[in-house]
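>>> Sequence and computational prediction follow.
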Amino acid sequence: MRFTNPFSHPPRDTYEQHSLIAEQDGRASPSTESLDEIIDTEKREYPFLISVRSARNSVSSFLNEHLHLGGDLTWTDRLLTLLTTLKPFIFLFLPTFFISPFNYFTTAPSQRPKPRKLGPTAYLDGLRGVAAFVVYIFHFSYLWFPDLRWGYGFAGHQMFWQMPIVRALHSGRASVTVFFVISGFVLTLKTVSMIHKRKMDQALSALAGSAFRRPFRLYLPIFASTFIIALLVYGGEYVRDPSGAPVPPRGPSLDQQLQHWFWSTVNLMNPFRPIVNRENMKGSEYDGHLWTIPVEFKGSLLVFFLLLIFARAKRWIHMVGVTGVTLWLVHIGDWDQALFCAGLLLAELSIIMPNTAPSTETAEDQLPSYRLRVVKRYGSKSVLIFRHAGTLALFFLGLHLFSYPEYYGASTPGFITISQWVPDYYKAMGDRTQLYWNSIGAIIFIFALMYSPPVTFNLKSLLLRGRNIRLPWHQTTPDLDDDEKEELAAAATSSSSAEPEAEKAEPLLQRPFTTSFAQYLGQISYSLYLWHGAINHMVGVRWLSPAHGALSLAGAQAKVLTEGGNTAGATEMVNKAWGAYELAFFWGSLVNTLALLWASDVFNRIVDVNAVKLTRWLGEKAWRKD
């Protein structure tokens, strides 16, 4: 039977269509059949036509309902009404960096929402976002350019991206150490602030709330992300990279795939799983990068415990005790847990000696007079230049320590001497030495940001010469913040300023991390971390594997030419292959990064934000009302 395209002729009624099909089959037109019999036959023999007609009727009904709202409406008004109705569905899977510019340029200036005023510790959120992005760069670039693992000057390695300071832009392990220090800081800042104000009931409530919410905050998004990845693995979308690293196993059936995913995720969430000296750490089989999450949870419980046992102790005893625990953890090789304790110490220090003088407060919340004297002396103009010099020196020292190479750091110029200044545990393996100095670099780096003096110099205003040009990135700031951001804001209210935003002085070294883009990365940082591995395998590997294979083939052919004496031809072939490979990497990086930002943005909006809401709701329901 010849199938007739149902869209190639003008629409006919049911009887005429059935007659036409029957005639093409060599049958007589069933003119004597009832209409019900015709429809029954049609449903049985031509289900495709029935499906098409049903879909057409549904669309027509929808359009009639939303476009024919009244005779006085123009087609423009009807179209706008339709778009308004469909907007939530259209925008659901669009990233915010597409939605916000659309809303910005289609909304009257008087009705545009004002950007949220950033708190004094907003730079930590931006730093966390930048660190998450650096982790992505690390995992993506090192896969295709393994030479980045070596340091500049070792065995002839002289790539620009291997140089100290520059290397910090792709030092993923250094970024992980930054994560841990920030977590120790933000998880304890509110409680420490309440303890200093001698509001012990509020301190206990804040500590209990943080401890209660922490597992939900960490694991609910992971449960969702790994579930989606498991479905993608079963669908064959997960591609093995050229390094041959293990990929999630594909089950013979969807049921077995989901069973494997479930128990893998449960094992990851086990807080009592032994982690001995960081040597047996591993993440989920569906995302190997999740090895940091059990460490995050364990470190969170550690600082909560330290806050509890030292809550009523004198503050100098608290700081000495936490410092002793930190040094002991470093000595036995638990560098990651030591970083959480370091974050707690920095939070305590930020309360004792804030970067700027506090604003007007009530007598109850005012700092003791000796602290005010320290603040005034510390912030005097006579030492401003030394503060800038000191914090800049610490800033670049931290970046230099971030640049400790992954391979052969002890033989790399610039790191040979300091590679010997480590405890015995870290001398056994090169990556341990790297993590040791990365950890110290993270503490120094964040300390430099904390105490960078404020400046009123605005490079953006200078370049734009006073023009009020602002990209709509600021609209991506969500109305709902997660629990860590809430604790930051609540603990830092004493440092907030009432000065106009345009005139407000901002610490020099914090400015890169309070830009709109850095704050956007901070907003999606957790989602970005959860999805960068899967996106690399599903997008980046698909894009660059052919180019990588072509480069390997060119290298093999060049070797044959060299052995045959044609060195010039071999060199030309290799240079052309490398040029094509670098061009493919450039475009692949753009596509992969766009896909990652897209997926992270949507996941953050649909899953992560709702996980925060659910976590808060569970806390409200579980807490008794005193």
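Good, I have the coordinates.
>>> any residues touching the host helix or strand of Phe395, and which ones?
Here Phe395, judged by DSSP states H and E, is contained in helix 384-402. For helix 384-402, contacts defined as C-beta atoms under 8 Å, 6 or more residues apart in numbering pick out 164-165, 167-168, 171, 174, 414, 437-438, 440-442, 444-449, 451-453, 508-509. In short, each C-beta sits where N, CA and C put it, glycine included.
>>> Those residues, buried ones only, as a ChimeraX selection?
To isolate the buried ones among these in ChimeraX, judged by 16 or more other C-beta atoms under 10 Å, type:
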select :164,167,168,171,174,414,437,438,440,441,442,444,445,446,447,448,449,451,452,453,508,509
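>>> Keep only those of the contacts of helix 384-402 that are in strands.
Under the assignment DSSP state E, the contacts of helix 384-402 contribute nothing to strands.
>>> Packing partners of the helix or strand harbouring Ile317?
According to DSSP H and E, Ile317 maps onto helix 315-332. Where contact means 3 or more C-beta pairs under 8 Å, 6 or more residues apart in numbering; DSSP states H and E, helix 315-332 is packed against helix 292-309, helix 335-352.
>>> Let me know the average pLDDT across the last one.
Pointing back at helix 335-352 there. When pLDDT is averaged along helix 335-352, the result is 95.
>>> got the CA coordinates for that helix in PDB?
Only the C-alpha atoms of helix 335-352 are listed here, as PDB (Å, rounded to 0.1, in the frame of the first residue of the first chain):
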ATOM      1  CA  TRP A 335      45.200  18.400  55.500                       C
ATOM      2  CA  ASP A 336      41.600  18.700  54.400                       C
ATOM      3  CA  GLN A 337      40.200  18.600  57.900                       C
ATOM      4  CA  ALA A 338      42.800  21.100  59.000                       C
ATOM      5  CA  LEU A 339      41.600  23.500  56.400                       C
ATOM      6  CA  PHE A 340      38.100  23.500  58.000                       C
ATOM      7  CA  CYS A 341      39.700  24.400  61.300                       C
ATOM      8  CA  ALA A 342      41.700  27.200  59.600                       C
ATOM      9  CA  GLY A 343      38.400  28.600  58.200                       C
ATOM     10  CA  LEU A 344      37.000  28.600  61.800                       C
ATOM     11  CA  LEU A 345      40.100  30.500  63.000                       C
ATOM     12  CA  LEU A 346      39.700  33.000  60.200                       C
ATOM     13  CA  ALA A 347      36.000  33.500  61.100                       C
ATOM     14  CA  GLU A 348      37.000  34.200  64.700                       C
ATOM     15  CA  LEU A 349      39.700  36.600  63.600                       C
ATOM     16  CA  SER A 350      37.300  38.500  61.400                       C
ATOM     17  CA  ILE A 351      35.100  39.100  64.500                       C
ATOM     18  CA  ILE A 352      38.000  40.100  66.800                       C
END
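>>> can you start the count at 56 instead of 1 from here on
Yes, from this point I'll number from 56; that puts the last item at helix 390-407.
>>> Off-centre distance for that helix?
23 Å (C-alpha atoms, centre = their mean, to the nearest Å).
>>> Check the first one too.
How far helix 347-364 lies from its chain's middle: 21 Å, per C-alpha atoms, centre = their mean.
>>> And it, what's buried?
Residues 347-359, 361-362 are the ones in helix 347-364 that count as buried (16+ other C-beta under 10 Å).
>>> same for it, what does it pack against?
Partner elements for helix 347-364 (3+ C-beta pairs under 8 Å, 6+ apart): helix 227-251, helix 255-289, helix 370-387, helix 390-407.
>>> per-residue pLDDT, Ser424?
At Ser424, pLDDT is 57.
>>> May I have the residues that are in contact with the residue most central in space within the chain?
By C-alpha atoms, centre = their mean, the chain has its centre lying nearest to Ser580, at 2.3 Å. Contacts for Ser580 were tallied using C-beta under 8 Å, 6+ apart; they are 180, 183-184, 186-187.
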